[in-house]
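K.L.:
Predicted model and sequence below, questions to follow.
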Amino acid sequence: MPPSQIDVSPGCSSEEARFARAADQANRSLSPVAAPEPLTRIAGQVHIVPMETFSRGTSLDPWFVTGLAEGLGSFTYSRSGRQLALYFGLKMAVQDEELLEEVRGFFGEAGRLYRVARLSPRSDESGASAVYYRINRRDELPFVVEHFDRFPLRSAKAMAYGIWREMVEIKQEFRKPDRDRLNELVEQLSALGARRRSSS
């Protein structure tokens, strides 16, 4: 029997009946958590459809995730001919792989973890000295946008995110993405990265 259909039989006591009715009313007031929605295009504009929760079986504080991205995250892309792929990534020491697994859980198991092999005295037995967490699938990138819109970056990296976010929006357009605008944003993101590297 569904929890919202509690049977109060004639033989039960008034106390039991009151309890059953109270439980029934509480169950009816509960509503299921909505599943994450993708970016949608309405009247020529791309809108983020809010997700009702970021509780995905992890205890990580959303601002902690933003803080990790401030220091260790990247909003970037790769090109192969006319194909453009967008990435959100976090790279940490191999000893912190468990934390990156928690971050992946925070984003609803989106993305994958990759071990980065280097010849380093700090490498583990597999030769890896770092772990890279990356989200790049078109249907998973909106999870990243939703988070950083709600818990925004406050450092200079916010500028890179703003450019990258617009690229994500354009890429959500199946039929006719604005490739000229995408190319402009690619140049802006590349120039921003070059300035950051030259100043470091």
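P.N.:
Looks like it arrived, so ask away.
K.L.:
Going by neighbour count, which residues of the top helix by length along the chain are buried?
P.N.:
Of all the segments of type helix in the chain, defined by DSSP state H, the longest one is helix 179-199. Neighbour-count burial for helix 179-199 flags L182, L185, Q188, L189, L192 (criterion: 16 or more other Cβ atoms under 10 Å). (Glycine included, C-beta is placed from N, CA and C.)
K.L.:
One more: stretch 106-114?
P.N.:
The neighbour-count check on stretch 106-114 (16+ other Cβ under 10 Å) flags F106, F107, G108, A110, G111 as buried.
K.L.:
which residues sit against it?
P.N.:
36, 54, 56, 58, 60, 62, 65, 88, 97, 100-101, 104, 131-137, 140, 143-144, 147 (Cβ atoms under 8 Å, 6 or more residues apart in numbering).
K.L.:
Tell me who's in contact with R181.
P.N.:
By Cβ under 8 Å, 6+ apart, the contact list for R181 reads E166, I170.
K.L.:
okay, F143: pLDDT?
P.N.:
In this model, F143 is scored at 94, pLDDT.
K.L.:
Neighbours of it, how many?
P.N.:
Look at F143: counted by other Cβ atoms under 10 Å, it has 22 neighbours.
K.L.:
Let me know the secondary structure of it.
P.N.:
Here F143 is helix, with the state taken from DSSP: H, G, I helix; E, B strand; the rest coil.
K.L.:
Can you verify my assumption that it contacts R137?
P.N.:
No. Using Cβ atoms under 8 Å, F143 and R137 do not qualify as a contacting pair, with a distance of 9.8 Å.
K.L.:
In the chain, mark out all the strands, start to finish.
P.N.:
40-42, 45-47, 73-80, 83-93, 112-117, 128-135 (DSSP state E).
K.L.:
Mind listing the strands the fifth one pairs with, and their directions?
P.N.:
Based on DSSP bridges, the pairing partners of strand 112-117 within the sheet are strand 128-135 (antiparallel).
K.L.:
No further questions, thank you.
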